[in-house]
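J.: Give me the fold of what follows.
(chains A and B)
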Amino acid sequence: MDRWLPWLAAAAGAAVVAAVGLAWLYAPVEAVMGLSQKIFYFHVPSAWAMYAATGLCGIASTVYLVTNAERADALAAAAGSVALLFSVVVLVTGPIWARAAWSVWWRWEPRLTTVLVLALLLAAYAVLRRAAARTPRLARFAAALAILAVIDLPIIHLAVRKWRGNHPTVLGSGGGGLSTEMAVTLGVGLVAFTTLALVLLRLRYRLELARRELDRLVVAAANAPPPETRGGESCPPKP
Amino acid sequence: MSAETLTVAAYVALWLVLTGYVVLLARRQSRLEADLRALRASQEGSRTPSSPPPAPAARP
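T.: Numbers count the residues shown, from 1 in each chain, chains lettered A, B, ... in the order given. As a prediction, the model looks like this:
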């Protein structure tokens, strides 16, 4: 995977540039919302990346809780970090669009509120993960929190339909009405942000594994006997 | 604020957030590499009989 990472990163960068270019130059200006509708071309892909990364974080956390596999815990940490990143993108760009469309920055409507709850859960998860680097048993609490965050995903998805919020439904039945140009632009955006999320996930995962390895080396070096007794039989190693 | 300004602001915010995250990852990576170098140097030093073994790199 690491051999392909630079190529994947280049492809992600090119795809994001292409998606932005299509959004500005190819997709038509929407009749009702006007230019601000172009925010959707990365707001929706960011939300998708947030969903996917949160789901992966939950699955990896479940695997960690069941098997105690350290790699699963590292993957959950990486996915949680990427999910938090895209939740920030969603929560920054959403209100900017809302200001243009609704004339207010924020409404306490179901989808916005449930996404905010998810972002807060992911932020709490990140804080817990930081603490778990020093206190390893906290990793299990972090894993439980990640599973709690996953439970929020279907609630976010169904919020618009069940509680009749103001948030537009872009994808799926009952929403959309996108022209071909808009659908193509959104499709390119989805591919671009999925690739970008994969690259960031891989980088963050590699970093997490390297940090753990370094921590192990530091502990081993600290516990190693002094050089004059190393290998000698006169002084037994510490228990 | 006009829709044009808000749309451009949203795109700028996207780039800022993504770039900030990549910079954060790069900084962590370089800090890890520095810690690893310090650890290796301390281990090399501890193998030299004439010099006292330096303390291992402290993790923040």
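J.: Not counting residues beside it along the chain, what's closest to the most centrally placed residue in chain A?
T.: Chain A has A:A83 as the residue nearest its centroid, 1.6 Å off, counting by CA atoms, centre = their mean. Closest residue to A:A83 apart from its sequence neighbours, by CB to CB, 6 or more residues apart in numbering or on different chains: A:A53 at 3.6 Å. Just so you know, the C-beta spots here come from the backbone N, C-alpha and C atoms, and that holds for glycine as well.
J.: residues in contact with the one you found?
T.: Going by CB atoms under 8 Å, 6 or more residues apart in numbering or on different chains, A:A53 touches A:A79, A:G80, A:V82, A:A83, A:F86, A:A197, A:L201.
J.: change it to 6 Å
T.: Residues in contact with A:A53 (CB atoms under 6 Å, 6 or more residues apart in numbering or on different chains) are A:A79, A:V82, A:A83.
J.: sec struct for the second one, please.
T.: Put simply, A:V82 is helix when judged by DSSP: H, G, I helix; E, B strand; the rest coil.
J.: Which residue is the nearest non-sequential neighbour of it?
T.: In this structure, A:V82 finds its nearest non-sequential neighbour in A:A53, 4.3 Å apart by CB to CB, 6+ apart.
J.: What strand or helix carries that neighbour?
T.: helix A:40-67 (DSSP states H and E).
J.: Flag every buried residue along that helix.
T.: Neighbour counts over helix A:40-67 (16 or more other CB atoms under 10 Å in any protein chain shown) mark A:40-54, A:56-65 as buried.
J.: what's the model's confidence in it, averaged?
T.: Per-residue pLDDT over helix A:40-67 has a mean of 95.
J.: Please tell me how far that helix is from the chain's geometric centre.
T.: On the basis of CA atoms, centre = their mean, to the nearest Å, helix A:40-67 sits 6 Å off its chain's mean C-alpha point.
J.: and the nearest residue to A:G58 once chain neighbours are set aside, what element?
T.: Once flanking residues are discounted, A:G58 sits nearest to A:V150: 3.2 Å by CB to CB, 6+ apart. Using DSSP H and E, A:V150 sits within helix A:138-163.
J.: So which elements touch the next helix or strand along the chain from that helix?
T.: Later in the chain than helix A:138-163, the nearest helix or strand by DSSP H and E is helix A:180-223. Applying 3 or more CB pairs under 6 Å, 6 or more residues apart in numbering or on different chains; DSSP states H and E, one finds that helix A:180-223 contacts helix A:5-25, helix A:40-67, helix A:70-102, helix B:3-47.
J.: okay, the angle between the helix holding A:V150 and helix A:40-67?
T.: 130 degrees (axes from the mean of the first three to the mean of the last three CA atoms, to 10 degrees).
J.: Could you pick out the residues of chain A near chain B for me?
T.: By CB under 6 Å from any CB of the partner chain, the residues of chain A that approach chain B are A:34-36, A:38-39, A:42, A:85, A:88-89, A:92-93, A:96, A:99-100, A:203, A:207, A:210, A:214, A:217-218, A:221-222, A:227.
J.: low-scoring stretches of chain A, by residue?
T.: Residue ranges of chain A with pLDDT under 70: A:1, A:164-167, A:169-177, A:226-239.
J.: Point out the residues in chain B that sit beside chain A.
T.: B:3-4, B:6-7, B:9-10, B:13-14, B:17, B:21, B:25, B:28-29, B:32, B:35-36, B:39, B:46, B:53, B:56, B:59.
J.: Can I get the buried part of those as one PyMOL selection?
T.: Selection of the buried residues among these in PyMOL, burial being defined by 16+ other CB under 10 Å:
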select buried, chain B and resi 3+6+7+9+10+13+14+17+21+25+28+32+35+36+39+46+53+56
